[in-house]
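In: turn this into a model:
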Amino acid sequence: MSSKIPSVTRSKPLKRPTQARARFTVQAIFDTYVRIWQRDGWAGLTTRAVALEAGVAVGTLYDYFPSKEALHSAYVRHCIERLIQAVDVQVVEPTDLNWQQRIHLLIQLLSGMQREELSWFHPDMMELEPLIAEQKYQLRAYAELLAMWRRVMDACTDLPQQPDEHLIEALHLAVWGGRRYAMQLRLDEQRMRLWAAEMEALCLARLD
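Out: Numbers count the residues shown, from 1 in each chain. Below is the predicted model:
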């Protein structure tokens, strides 16, 4: 890697892919990143190894990600974007769901109980947050997730009463904050499912 890149820059992605081919390349990089991370751990992961295993030129990877910290930052962003996209497609856009069904699907997605098509959220992400967690990026993700909740509520046209912004934020904090803490504690699958069911019941009761 070039020593001319300032350290503050090397922890951030340099650009986002816009062309279809570039998006395909970056997706291949993300897939390989997760595979190596799962196999070799964070300490054994290098950007060069990701590029070689993904079949991408090292220089091409560095065009986007000047360090593995920058790659991780972009991957976390990718996970959040995929989650929001899944909620929009499965919860917001369908026209044949009642509000209880929308809330059920929302909690399933946010709690990680429905994850076949979502990206790889993992407890190790919590440990790596100090490397990438600038407050402005945390706040941006928070605002985008909160806006997603608002779109879900707007789609629930059969709700007895639309919740105000304070209630929406409280539910978001309860579900998303709970998932993050549960990931940090590495709760097993059964306990996560029980927690998700209780979160759904809480949301349904508060919104009814």
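In: how about residue 162, nearest residue that isn't a chain neighbour?
Out: Take residue 162 and drop its neighbours on the chain: the residue closest to it by Cβ to Cβ, 6 or more residues apart in numbering is residue 153, 6.3 Å away. For glycine as for every other residue, the C-beta is placed from the backbone atoms N, C-alpha and C.
In: counting by contacts, list what whichever strand or helix holds that neighbour packs against.
Out: With elements delineated by DSSP states H and E, residue 153 resides in helix 135-155, which encompasses its position. Contacts of helix 135-155 with other secondary structure elements, assessed using 3 or more Cβ pairs under 8 Å, 6 or more residues apart in numbering; DSSP states H and E, are made with helix 68-87, helix 99-110, helix 165-185.
In: can you give me the buried ones in the last one?
Out: Along helix 165-185, the positions that meet the burial threshold by neighbour count (16 or more other Cβ atoms under 10 Å) are 168, 171, 172, 175, 176, 178, 179, 182, 183.
In: need the CA coordinates for the helix holding residue 153. CSV is fine.
Out: As requested, the backbone C-alpha atoms of helix 135-155 are provided in CSV (Å, rounded to 0.1, in the frame of the first residue of the first chain):
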residue,chain,number,x,y,z
GLN,A,135,-19.8,9.5,15.2
LYS,A,136,-21.0,11.1,12.0
TYR,A,137,-21.3,7.7,10.2
GLN,A,138,-23.0,6.2,13.2
LEU,A,139,-25.5,9.0,13.2
ARG,A,140,-26.1,8.7,9.4
ALA,A,141,-26.8,4.9,9.8
TYR,A,142,-29.1,5.7,12.7
ALA,A,143,-31.1,8.2,10.8
GLU,A,144,-31.4,5.9,7.8
LEU,A,145,-32.7,3.0,10.0
LEU,A,146,-35.1,5.4,11.7
ALA,A,147,-36.4,6.6,8.3
MET,A,148,-36.9,3.0,7.4
TRP,A,149,-39.1,2.5,10.5
ARG,A,150,-41.1,5.6,9.4
ARG,A,151,-41.7,4.1,6.0
VAL,A,152,-42.9,0.9,7.6
MET,A,153,-45.4,2.8,9.8
ASP,A,154,-46.6,4.8,6.8
ALA,A,155,-47.3,1.5,5.0
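In: tell me which residue is most central in the chain.
Out: With distances taken as Cα atoms, centre = their mean, the chain has residue 80 as the residue nearest its mean C-alpha position (2.6 Å).
In: spit out the contact partners of that one.
Out: Applying Cβ atoms under 8 Å, 6 or more residues apart in numbering, we find residue 80 in contact with 141, 144, 145.
In: rewinding a little: so which of the helices and strands packed on helix 135-155 is nearest residue 137?
Out: Judged by Cβ to Cβ, the one of the helices and strands packed on helix 135-155 that comes nearest to residue 137 is helix 68-87, at 7.7 Å.
In: can you state the direction angle for that closest one and helix 135-155?
Out: 10 degrees (axes from the mean of the first three to the mean of the last three Cα atoms, to 10 degrees).
In: just give me how far helix 68-87 sits from the chain centre.
Out: On the basis of Cα atoms, centre = their mean, to the nearest Å, helix 68-87 is displaced by 5 Å from the centre of the chain it belongs to.
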